[in-house]
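Asks: got a predicted structure here, sequence first:
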Amino acid sequence: MAFAAFSGGSEKSSYKVPRKNSTKVALALLLPGMIYLALFFITPLASLVATSLEVPDASGEIGRYQYGFEIGNYWYVIQTYWPHIARSFVYALAATILSLLISYPLAYFIGVRARKWPLIQKLALALVIAPFFISFLLRTFAWKQIFSNESWIVTTLQSLHVLAPDQYLVGTDFMVIFGLTYNFIPFMTLPLYTSLERLDLRLLEAGSDLYATPAKVFRKVTLPITMPGIISGTLMTFIPIAGDYINASRDFLGSSGTQMIGNVVETNFLRINDYPSASALSVLLMAAILGLVVFYVRRSGTEDLL
Amino acid sequence: MRYSLGRAALPLYAILAFVYLLIPIVYTFIFSFNNTFKSNITWRGFTFNNWLTVCEEQGVCEAFGNSILIGVVSTVVATALGTAIAIALVRYEFKFRSAVSLLLFLPMATPEIVLGAGLASQFFNFGAEKGIGTVIIAHVMFCLSFVVVTVKARVSSLDPALEEAGSDLYASPSHVFWKITFPLLMPGILSAALLSFALSFDDFIITNFNAGAATTFPKFVYTAASKGIPAAANVVGSAVFLVAILIVVGVQIRSTIKERRLRAVR
């Protein structure tokens, strides 16, 4: 999948071998990892659902809850936090579309145009991955400084009357979407690159030989062939963006007006010990994303994700 | 000619995109040399001081050490578990194959905040003390699937004739595995381990939910952000960046040399 690009390009040769029929060995290889995931992935999700239904403890002490079956918790979080929920999905949608628009030409350059120069191709790929090597938080904070209220960018925009004298960039929707787009571009570019790298250029020639305009060749040939990369890339960006809370945090690019689901979950879980509502919000986010993944993957007809 | 303009447009665009991708990295690097006074916001002159006195900044080196420890331990465990699964997926026939694939895909499709909050609620319900141990448990969990995906690609590109040749020459199955399969899988396992370490080292969200009072480097940066991040954090970030680039270049050079040798033999 997407991360094949990390291992120095996708492995092309695949041997068709009859699989060995030794259940014992297969189990011995599979079980440790599967038990691990059952213990630390599946049961935590179940624990999250259980916590989301809890009610305050009889003692009434803050942060103490007991087992309950309070579906009302969900109704409560939807009513209270619907602006955060809506904002998360709007931000995620905007940032995903932006990173697709930015990444596609870039991936096209690396995967198609740079084919003739393997060295440039390798260097370009390294540059795409380079941001991963420096802390995500440091990168985001760097943008905050670059666009800070006293920065030349903001003062120039103010003197050009693009921004009002009392208007700034940090803390706005624009800034948060900018940060989200920036941070997740590699997750979009790598899967796009993987599918563009395999694009057979003779198909494009055939298209233009049959008098299709370049635009039509792109729409009818390139785009459909690279659809798996687009799907994988959009999922790889949309999912982490919808759950992110660094960019939207007050200490980074956001303000109190840009808080996303993640910020609420963090505050409720780690600061005010409101575990049930934090859990209910997480379960809602998970359900929405799973629904989206299933819908998206079904519509586009690629069910083989792994 | 429109055609030639189009030819030049794409490379130019790519250069602009790379500049955009690199701006925050360059910024972080430059400001690691800033002669700071109280805050590291405005440029006040060049100095090597921040690099020479990194550990004098309270907590930065301890956090960095914790991150390395957590990264190494979770990488070793996740790589071992994941490699076994990858071999089973490609080479063995078993029931519930699609259930196994789904169980491996789901952690990658789950937002980090859900993984983090879920584990934290489990630790809370069981009364487990949060600390470095719980962070390692969490990191192994989310690195596992990425290891499987990476190693799986390598296993499927492995020519089975090599292993068959080994057993035809009377090598025992375990002998075949350790002498033939494992060395051939090594590049895949290595890149899986590197990816896993990178994911663990840079993780913040899941860590923040499960670390309790323990700090890691990203957690240090997050906590410092409200007052302004000290230059020492820029130093650590830049140093890690340089080491990572060296490793990537080294691996690349090594594989190029190997390819050349193989070609020479043929």
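Replies: Looks like it came in fine.
Asks: now do the helices in chain A.
Replies: A:23-37, A:43-52, A:72-111, A:118-129, A:136-146, A:152-159, A:173-197, A:201-209, A:214-217, A:223-225, A:227-243, A:261-266, A:275-300 (DSSP state H).
Asks: which of those sits most buried?
Replies: helix A:261-266 (a mean of 26; mean count of other C-beta atoms under 10 Å in any protein chain shown). The way it works is simple: take the backbone N, C-alpha and C, and place the C-beta from them, glycine included.
Asks: so how far is it off the chain centroid?
Replies: Put simply, helix A:261-266 sits 16 Å off its chain's centre (C-alpha atoms, centre = their mean, to the nearest Å).
Asks: and stretch A:159-173, by the same measure?
Replies: 28 Å.
Asks: tell me which element B:Ser174 falls in.
Replies: B:Ser174 is located in helix B:173-176, with elements delineated by DSSP states H and E.
Asks: how many neighbours does B:Ala192 have?
Replies: Neighbourhood size, B:Ala192 [other C-beta atoms under 10 Å in any protein chain shown]: 30.
Asks: flag the shaky bits of the chain, pLDDT-wise.
Replies: Picked chain A for this. Applying pLDDT under 70 to chain A picks out residues A:1-18, A:300-306.
Asks: not quite, go with chain B.
Replies: By pLDDT under 70, the low-scoring segments of chain B are B:1-6, B:266.
Asks: what about 80?
Replies: Along chain B, the model assigns pLDDT under 80 to residues B:1-7, B:37-39, B:41, B:252, B:255-256, B:259, B:265-266.
Asks: show me what the helix ranked longest in chain B packs onto, helices and strands only.
Replies: Longest among the helix segments of chain B by residue count, using DSSP H, is helix B:231-265. Helices and strands touching helix B:231-265, as assessed by 3 or more C-beta pairs under 8 Å, 6 or more residues apart in numbering or on different chains; DSSP states H and E, comprise helix A:118-129, helix A:136-146, helix B:2-30, helix B:49-52, helix B:60-91, helix B:182-202, helix B:217-225.
Asks: list the buried residues in that helix.
Replies: For helix B:231-265, a neighbour-count test (16 or more other C-beta atoms under 10 Å in any protein chain shown) marks B:Ala231, B:Ala232, B:Ala233, B:Asn234, B:Val235, B:Val236, B:Gly237, B:Ser238, B:Val240, B:Phe241, B:Ala244, B:Val248 as buried.
Asks: again with stretch B:183-192
Replies: In stretch B:183-192, counting by 16+ other C-beta under 10 Å, buried: B:Leu184, B:Leu185, B:Pro187, B:Gly188, B:Ile189, B:Leu190, B:Ser191, B:Ala192.
Asks: B:Asn125 reaches A:Val49, doesn't it?
Replies: No: counting by C-beta atoms under 8 Å, B:Asn125 stays clear of A:Val49, with 11.8 Å between them.
Asks: relative to its centre, which residue of chain A is most distant?
Replies: A:Ser59 (41.2 Å; C-alpha atoms, centre = their mean).
Asks: sorry, back to before: out of the buried residues of stretch B:183-192, who's nearest chain A?
Replies: B:Ser191 (4.2 Å; C-beta to the nearest C-beta).
Asks: and that closest one, how far from B:Val147?
Replies: Distance of B:Ser191 to B:Val147, computed by C-beta to C-beta, to the nearest Å: 10 Å.
Asks: got the contact list for the residue lying closest to B:Val76 once chain neighbours are set aside?
Replies: Leaving aside its sequence neighbours, B:Val76 sits nearest to B:Ala193 (C-beta to C-beta, 6 or more residues apart in numbering or on different chains; 7.9 Å). When contacts are counted by C-beta atoms under 8 Å, 6 or more residues apart in numbering or on different chains, B:Ala193 is found next to B:Thr75, B:Val76, B:Thr79, B:Val147.
Asks: same deal with B:Val151?
Replies: Going by C-beta under 8 Å, 6+ apart, B:Val151 touches B:Gly82, B:Thr83, B:Ala86, B:Ile87, B:Leu185, B:Gly188, B:Ile189, B:Ala192.
Asks: ok, now which ones touch the residue in the stretch 1-150 of chain B positioned nearest to chain A?
Replies: When scored by C-beta to the nearest C-beta, the stretch 1-150 of chain B has B:Pro111 as its residue closest to chain A, at 2.7 Å. B:Pro111 makes contact with A:Ile239, A:Pro240, A:Ala242, A:Gly243, A:Gly262, A:Leu285, A:Met286, A:Ile289, according to C-beta under 8 Å, 6+ apart.
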